[in-house]
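Novice: Okay, here's the prediction I keep looking at, along with the sequence it came from:
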Amino acid sequence: MNLQPLEIQLKSGVPKRYEAVLNSSSLSLLVALHKHFEVRRQQLLNQREVIYNNIVAGHKPTFLPETKKIRDGDWRVDPVKNRSSTILDRTVDVVCWRVFDEKFVDECLHSGANGVQFDYDDSFSPSWYNCLESQMLLRKFVQDSKLQKFPDMLVRPRSLNLDEGNVLIEGKPISGTLFDFGVWVNTWHANSQNLDECYFYIPKIENHLEARWWNDVFSFTESYLKIEKGTFKGLVLIENILASFEMEEILYELREHCLGLNTGKWDYIFSFIKKFRHDPSFVLPDRSELTIDQTFLGAYEALLIKTCQKRGCVATGGMAPNLRQNSQTDEKNYKNIFTAKSRGAAVGLAGELVADPIFVGAVQEAFSNKSAPVPSFSLADTEEGITEQLLCVPYGKITNDGINMNVKVILNYVESWLRGEGGCPLEGAVEDLATAEISRSQLWQWIKFGVKTSKGEIITLALVSSALRSLAKEIEIQLGEKFSQHKYKCAEEMVKHMLNTDRFIGFMPDLLYSHLLTDNNKARL
């Protein structure tokens, strides 16, 4: 393989079958993206720490006075370039949470959904095999789209903080975000019959400066490929408490390249815990208590819908995580999803997501048979009032069941991630990075502050470690001889490490990723 440009080093090599996606043109694009945007990426990541330190010092998030002119201004996001495009119909997108699994990708693309989100973020374990295999599948299906009609294909790259350690440029890892974006864009540009539009979900933005970075990435790449400005469009996931105060500014920065905003509820809850982890007055109850009826979530959703309506773009809701089980349970889940998504349609969302293609119809029915408007959240009239609502600590109980469920989620997800699987089916639903991060951060915070359960028991490291050990033993017995094929021993040690540390680990994959780089997942190549 020609490894030009010379600045690139591919640490794990590239088998011949993957040279179609990691070719000279894609590598050249990756080098260009890295040289133009890596320094700014690092500055943005450093700024996150500055902002958090300000919060610790007592400066709680608020609407920025320096950008008030943007919030008060008369502007709208640019329309899509292709007027005949179906992209603004976001009634239901199915999340392809196994982007390296050809059978599942094929099922998603034939599900009848409006779009397919190819998730390299929350449900993706970025082994080198997964990175290359998934890009090859994208290439295959974008070529197949010349012969048959597929739903809109929207790629969700890794978040801003993650590196791709198998690709070094001038001795430094490329951003995982830019790797996923650059390889896919090169494939799309070389193989698509429709170069009018290319779509993305943009994950985990924390402020408008990060949105500006994304807008500049889009503009630079359009110029590099000599395609019309505005070809790239992104649906921004508002999944961080800080971003909720800058929704209008985020849209403004991305107005040339934006489709709208999406509510990433579980990531949003994790960010709420993470940004106030130092404050015992911000301890959250069991995850099961964190429903849309809670003020901080109701305000978040209502503000997102209001913002999108004001700025002329779509507002979409979160994902139903249910997975198929048996006919009786599937029928029950279908009805429950229909009911939940009917509420979303009634309050003004333009669409929602599902994790299993068999439930696409439930969302379509919910949005085609819109019920009478339901009582929506009463958003405050002033920015001060909205701030109070967004920062309203949720009420509810902390129970032993909540502890055990968190332990179950975090152990099984970490094991699945280390094994190169990513998203983890558990009790009829897919658990992903967002829910695992909630579980991990809640346990850490409960231990740190010695929180009491509803029965008065103090939550200690010993208590949680005992639950972890008991679960690991139970799983070992259940798996029998197959236990050695899994990574529960390593996962248990990693979970214990994350809980038994004074310094909160900001993002779990930052800790876990080194195991993928040294592990034998790449042996599948």
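Specialist: Done, it's in.

Novice: could you show me where the strands are in the stretch 301-450 of the chain, in order?
Specialist: Listed in chain order, the strands of the stretch 301-450 of the chain (DSSP state E, counting those that start in this stretch) span residues 314-320, 351-354, 424-426, 429-431.

Novice: Make a markdown table out of those and add mean neighbour count.
Specialist: For every residue, glycine as well, the C-beta is placed using N, CA and C. Listed next are those as a markdown table, based on neighbours: other C-beta atoms under 10 Å:
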| stretch | mean neighbour count |
| --- | --- |
| strand 314-320 | 24 |
| strand 351-354 | 26 |
| strand 424-426 | 20 |
| strand 429-431 | 21 |
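
Novice: any chance of the ones you listed in a markdown table, plus mean pLDDT and distance to residue 190?
Specialist: Shown next, in a markdown table, are the strands of the stretch 301-450 of the chain (pLDDT from 0 to 100; distance: least, C-beta to C-beta, whole Å):
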| stretch | mean pLDDT | distance to residue 190 |
| --- | --- | --- |
| strand 314-320 | 97 | 29 |
| strand 351-354 | 97 | 29 |
| strand 424-426 | 97 | 34 |
| strand 429-431 | 97 | 32 |
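
Novice: nearest to residue 385, of these?
Specialist: Across the strands of the stretch 301-450 of the chain, residue 385 has its closest neighbour in strand 314-320 (20.7 Å, C-beta to C-beta).

Novice: Residue 336 - how many residues pack around it?
Specialist: When counting by other C-beta atoms under 10 Å, one arrives at 14 neighbours for residue 336.

Novice: how near is it to residue 343?
Specialist: 11 Å (C-beta to C-beta, to the nearest Å).

Novice: Including distance to residue 149, could the strands of the stretch 301-450 of the chain go into TSV?
Specialist: TSV is the format used below for those (distance: least, C-beta to C-beta, whole Å):
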stretch	distance to residue 149
strand 314-320	21
strand 351-354	19
strand 424-426	30
strand 429-431	27
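
Novice: residues touching residue 122, list them.
Specialist: 97, 203, 267, 423, 432, 433, 434 (C-beta atoms under 8 Å, 6 or more residues apart in numbering).

Novice: Next: residue 444.
Specialist: Listed by C-beta under 8 Å, 6+ apart, the contact partners of residue 444 are 277, 498, 499, 504.

Novice: Residue 263: which of the residues you listed is nearest?
Specialist: Of those, the one sitting nearest to residue 263 (C-beta to C-beta) turns out to be residue 277, at 22.3 Å.

Novice: Kindly indicate whether the closest one is helix, strand or coil.
Specialist: Look at residue 277: counting by DSSP: H, G, I helix; E, B strand; the rest coil, its state is coil.

Novice: I'd assumed residue 442 was in contact with it.
Specialist: No: using C-beta atoms under 8 Å, residue 277 is not in contact with residue 442; the gap is 10.0 Å.

Novice: neighbour-wise, which of these two wins?
Specialist: Applying other C-beta under 10 Å to residue 277 and residue 442 shows that residue 442 carries more neighbours, namely 28 against 21.

Novice: Could you verify my assumption that that one touches residue 274?
Specialist: No: assessed by C-beta under 8 Å, residue 442 is found out of contact with residue 274, at 10.7 Å.

Novice: Can you give me every residue that contacts residue 142?
Specialist: 153, 187, 188, 191, 192.

Novice: Give me the nearest residue to the second one, chain neighbours excluded.
Specialist: Residue nearest to residue 187 in three dimensions, not counting chain neighbours: residue 139, with 4.7 Å by C-beta to C-beta, 6 or more residues apart in numbering.

Novice: count of residues packed around that neighbour?
Specialist: Applying other C-beta under 10 Å, we find 20 residues neighbouring residue 139.

Novice: Count residues in the vicinity of the residue lying closest to residue 348 once chain neighbours are set aside, would you?
Specialist: With C-beta to C-beta, 6+ apart as the criterion, residue 348 has its nearest non-adjacent residue at 4.4 Å, and that residue is residue 305. By the criterion of other C-beta under 10 Å, residue 305 has 23 neighbours.

Novice: show me where the stretch 1-150 of the chain has helices.
Specialist: Applying DSSP state H, counting those that start in this stretch to the stretch 1-150 of the chain gives helices spanning 24-56, 68-72, 102-109, 128-144.

Novice: what's the most buried one of these?
Specialist: Highest mean neighbour count among these (mean count of other C-beta atoms under 10 Å): helix 128-144, with a mean of 21.

Novice: ok, back up a step: could I have the buried ones of the contacts of residue 444 as PyMOL selection syntax?
Specialist: Buried residues among the contacts of residue 444 (16 or more other C-beta atoms under 10 Å), as a PyMOL selection:
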select buried, resi 277+498+499
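
Novice: Nearest to residue 119 among the contacts of residue 444?
Specialist: Out of those, the member with the shortest distance to residue 119 (by C-beta to C-beta) is residue 498, at 22.9 Å.

Novice: Surely the closest one and residue 511 touch.
Specialist: Yes: with contact defined as C-beta under 8 Å, residue 498 and residue 511 form a contacting pair (6.9 Å).

Novice: Residues in contact with both of the two, list them for me.
Specialist: Both residue 498 and residue 511 are contacted by residue 505, under the criterion C-beta under 8 Å, 6+ apart.

Novice: Point out where the stretch 51-200 of the chain drops to low pLDDT.
Specialist: Applying pLDDT under 70 to the stretch 51-200 of the chain flags residues 83-84.

Novice: Please identify which of the helices of the stretch 1-150 of the chain is closest to residue 489.
Specialist: Comparing the helices of the stretch 1-150 of the chain by their distance to residue 489 (C-beta to C-beta), the top pick is helix 128-144, with 22.0 Å.

Novice: continuing past the closest one, what's the next helix or strand?
Specialist: Remark: after helix 128-144, the chain's next helix or strand is strand 152-156, criterion DSSP states H and E.

Novice: how big is the angle separating that next one from helix 128-144?
Specialist: Angle between the axes of strand 152-156 and helix 128-144 is 160 degrees (criterion: axes from the mean of the first three to the mean of the last three C-alpha atoms, to 10 degrees).

Novice: and residue 518, how far is that from residue 11?
Specialist: From residue 518 to residue 11 the distance is 11 Å (C-beta to C-beta).

Novice: Are we agreed that residue 200 is in a strand?
Specialist: Yes: counting by three-state DSSP, residue 200 is located in a strand.

Novice: Test my guess that the residue nearest to residue 187 contacts residue 186.
Specialist: No: with contact defined as C-beta under 8 Å, residue 139 does not count as touching residue 186 (9.7 Å).

Novice: hey, what's in contact with both of these two?
Specialist: The contact sets of residue 139 and residue 186 overlap at residue 21 (C-beta under 8 Å, 6+ apart).

Novice: Determine how far stretch 480-491 lies from the middle of the whole chain.
Specialist: 27 Å (C-alpha atoms, centre = their mean, to the nearest Å).

Novice: Could you do stretch 22-34 as well?
Specialist: Distance of stretch 22-34 from the chain centroid (C-alpha atoms, centre = their mean) equals 25 Å.

Novice: same question for that stretch, mean pLDDT?
Specialist: The average pLDDT for stretch 22-34 rounds to 96.

Novice: which residues are contacting that stretch?
Specialist: For stretch 22-34, contacts defined as C-beta under 8 Å, 6+ apart pick out 1-5, 7-8, 10, 14, 132, 135, 167, 169-170, 172, 174-175, 178-179, 181-183, 185-187, 190, 217, 220-221, 224.

Novice: Just the buried subset of these, please.
Specialist: Burial by neighbour count, judged by 16+ other C-beta under 10 Å, picks out 7-8, 14, 132, 135, 167, 169, 174-175, 178-179, 181-183, 185-187, 190, 217, 221, 224 from the contacts of stretch 22-34.

Novice: Over to the residue nearest to residue 14 when sequence neighbours are not counted: give its phi and psi.
Specialist: With C-beta to C-beta, 6+ apart as the criterion, residue 14 has its nearest non-adjacent residue at 5.1 Å, and that residue is residue 22. Residue 22 adopts backbone torsions of phi -100, psi 70, taken as degrees, to the nearest 10.
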